[in-house]
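Visitor: Let's see this in three dimensions:
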Amino acid sequence: MDRPWIAANQQARERLYAVLGSLEVRDLTQPLDERWRLATAFAHLAFWDRRAALLIRHWQQGDVPPPDEPHWYGDDLLNDGLVDEWNALPVSEAVRLAVEAAALVDLAVRDLDDATAEVILARGEDWLLHRWRHRLEHLDAVEAARGRQP
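Guide: Residues are numbered from 1 along each chain as shown. Below you'll find the model as predicted:
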């Protein structure tokens, strides 16, 4: 099975490291929007990467989630429920968690067997494997926010 997402995940993880390396603590405390700071984006990435790694492990064990999760139960509910906790984290912890979770999920994706990867893709759950998309979305937002700052 061709797995172009492995290289894309690695490139996005390297960009994550580069962006984090260019930020100072004061940068991470700057607002991203009305509820998020820049550090919040990294805590958010850490949560979703760690969640993806855990879900991949369940898929590998044959614990396939039901396909009929209600639309209101997904991303927005979790993000809205967790944003205050993400904001409460010290910025250094948000950064540490993002780095650890990115490495963890990229390893899980890399080591995933072809049969399970094919089932995940067939179910339309490619977000589990294509972690690069989510990272780039938030890295772009962080860099755009930094461009707005004096």
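Visitor: Model confidence at His71, what's the number?
Guide: His71 is assigned 67 on the pLDDT scale.
Visitor: Equivalent analysis for Pro65, please.
Guide: pLDDT, read off for Pro65, is 80.
Visitor: Next, it: secondary structure please.
Guide: What DSSP: H, G, I helix; E, B strand; the rest coil gives for Pro65 is coil.
Visitor: so how many other residues sit close to it?
Guide: 11 (other C-beta atoms under 10 Å). Every C-beta, even on glycine, is put in place using the N, C-alpha and C of the backbone.
Visitor: same deal with Gln30?
Guide: So Gln30, with other C-beta under 10 Å, has 15 neighbours.
Visitor: Give me the buried positions along the worst-scoring helix or strand of the chain on mean pLDDT.
Guide: Every helix and strand of the chain was ranked by mean pLDDT, DSSP states H and E. The lowest is helix 75-88, at a mean of 91. By 16 or more other C-beta atoms under 10 Å, the buried positions in helix 75-88 come out as 79, 86.
Visitor: Excluding chain neighbours, what is closest to Arg135?
Guide: Nearest residue to Arg135, sequence neighbours excluded (C-beta to C-beta, 6 or more residues apart in numbering): Ala12, at 4.1 Å.
Visitor: what about the closest residue in space to Leu38 that isn't next to it in sequence, distance to Phe42?
Guide: Leaving aside its chain neighbours, Leu38 sits nearest to Leu28 (4.9 Å; criterion: C-beta to C-beta, 6+ apart). Computed with C-beta to C-beta, to the nearest Å, the distance linking Leu28 and Phe42 is 8 Å.
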